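Visitor: Quick one, structure for this:
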Amino acid sequence: MTDMQVQTAAVEPAATEPDSTTAMARSSILRKLARDKGAMLSAIVLAVIVFCAIFAPVLSPHDPYDNNLRNMLKPPVWSEGALPEHLLGTDGQGRDIVTRLLYGTRTTLIMGVLAVICGGLIGAALGLIAAYYRRLEGPIMRLVDILLSFPSILFGLAIAAVLGSGIFAITIALTIAAVPTIARITRGAALVQMQMEYITACRAIGMSDLRIIWRHLLPNCLSTIFVYLTLQLGQTILLGAALSFIGLGAQPPTAELGTMAAEGRNFLFFAPHVSTIPSFVIFLIVLAFNVLGDALRDVLDPRLRQ
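Guide: Numbering: from 1, shown residues only. Modelled structure (predicted):
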């Protein structure tokens, strides 16, 4: 083994060998989360929602696109005049609301998760590059500032004007809206790591920039990025539902929570359940992600562990 290989092995012990300290830290994190009742309740709620969304075709009692005008605007089972086969009633087209909720939740989650994953990858890459290559920091962060200066609704309007309304267009808009804040968070975390001695040691032994970023800088920023992505997911879902509510997202008859809430606004005075039930599901999903994200931040933030 050459001197260079020995030095390289000395710099990156954690990346190549199992570390019992890391396992203990993970166990400690899980124990802290388990003691947080709000986080555990949020995790259970999200697990149930995701399970129902994934298995919507199996769990759905009816066809989500089956119109039956004879049963339109039937109330939930706890109200007078309800039909027992429609637990949460029917919408303006006579479609079962439970079935539409299952399919609509799946559509909403797919849009939100895809947008956060794509936006997270792009934003994290920009943040790491801006922190590592200081000569590129100015142009990248000015681009981020420009993106932050535009309201997210404007992205939806602009993209809808180019691509047309629909799930693909709204996912693009949500992705672009997620990039700048993730880039800022990643850059801040990476700048802290850039001051550490191990970065200087890696450079001193001639390690390539890509290897330093991939093997050392990124892993030490992952906890911060992951916590923010959890919080961002709730906000992205809320924004996606808002864009669908104003007609830029999923188009009828596609089931999506924001679209369902919009379809029920004409019946608020005599059939409020058509709009309020999907709105409550949106509220529940966003609240659960926010509570879980706050709990993860408290556990993973090194400044709050001490």
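
Visitor: need the contact list for the most centrally placed residue in the chain.
Guide: Nearest to the geometric centre of the chain sits residue 233, at 2.2 Å (CA atoms, centre = their mean). Applying CB atoms under 8 Å, 6 or more residues apart in numbering to residue 233 gives the contacts 112-113, 116, 289, 293. Just so you know, the C-beta spots here come from the backbone N, C-alpha and C atoms, and that holds for glycine as well.

Visitor: which stretches of the stretch 1-150 of the chain form helices?
Guide: In the stretch 1-150 of the chain, the segments counted as helices under DSSP state H, counting those that start in this stretch are 3-11, 13-16, 20-35, 37-54, 56-59, 97-132, 134-149.

Visitor: Kindly report which one of those helices carries the lowest mean pLDDT.
Guide: Between those, the lowest average pLDDT goes to helix 13-16, which shows a mean of 42.

Visitor: what's residue 133 sitting at in phi/psi?
Guide: Per-residue torsions, residue 133: phi -100, psi 90 (degrees, to the nearest 10).

Visitor: and it, what does it touch?
Guide: Residue 133 neighbours (CB under 8 Å, 6+ apart): residue 209.

Visitor: I'd like the distance between it and residue 126.
Guide: Residue 133 is 11 Å from residue 126, where distance means CB to CB, to the nearest Å.

Visitor: Just give the closest residue to residue 122, not the sequence neighbours.
Guide: Nearest residue to residue 122, sequence neighbours excluded (CB to CB, 6 or more residues apart in numbering): residue 179, at 5.1 Å.

Visitor: count of neighbours near the one you found?
Guide: As a burial measure, residue 179 scores 24 neighbours (other CB atoms under 10 Å).

Visitor: And for residue 230?
Guide: Should you count by other CB under 10 Å, residue 230 turns out to have 19 residues around it.

Visitor: Once you drop chain neighbours, what's closest to it?
Guide: Distance criterion CB to CB, 6+ apart; nearest residue to residue 230, sequence neighbours excluded, is residue 293 at 3.8 Å.

Visitor: where does that neighbour sit relative to residue 177, distance-wise?
Guide: The value you get for residue 293 to residue 177, if CB to CB is used, is 17 Å.

Visitor: Comparing those two, which residue is more hemmed in?
Guide: Shown here are residue 293 and residue 177; by other CB under 10 Å, residue 177 has more neighbours (26 against 22).

Visitor: quick one: contacts for residue 140?
Guide: Counting by CB under 8 Å, 6+ apart, residue 140 has contacts 126, 129-130, 183.

Visitor: how much space between it and residue 81?
Guide: Residue 140 is 60 Å from residue 81, by CB to CB.

Visitor: likewise residue 166?
Guide: As judged by CB to CB, residue 166 and residue 81 stand 36 Å apart.

Visitor: hmm, back to that, which of the contacts of residue 140 has the most neighbours?
Guide: In terms of neighbours by other CB under 10 Å, the contacts of residue 140 top out with residue 183 at 27 neighbours.

Visitor: so that one, which of the three states?
Guide: Put simply, residue 183 is helix when judged by DSSP: H, G, I helix; E, B strand; the rest coil.

Visitor: for the stretch 151-300 of the chain, what spans make up the strands?
Guide: Assigned by DSSP state E, counting those that start in this stretch, the strands in the stretch 151-300 of the chain number zero.

Visitor: so where's it shaky on pLDDT?
Guide: Low-confidence segments of the stretch 151-300 of the chain, defined by pLDDT under 70: none present.

Visitor: Looking at the contacts of residue 140, which is nearest residue 219?
Guide: Nearest to residue 219, judged by CB to CB, of these is residue 129 at 16.4 Å.

Visitor: any idea how far residue 180 is from that closest one?
Guide: Going from residue 129 to residue 180 by CB to CB gives 14 Å.

Visitor: what's residue 77 in contact with, if anything?
Guide: Residue 77 sits next to 84, 86-89 when contact means CB under 8 Å, 6+ apart.
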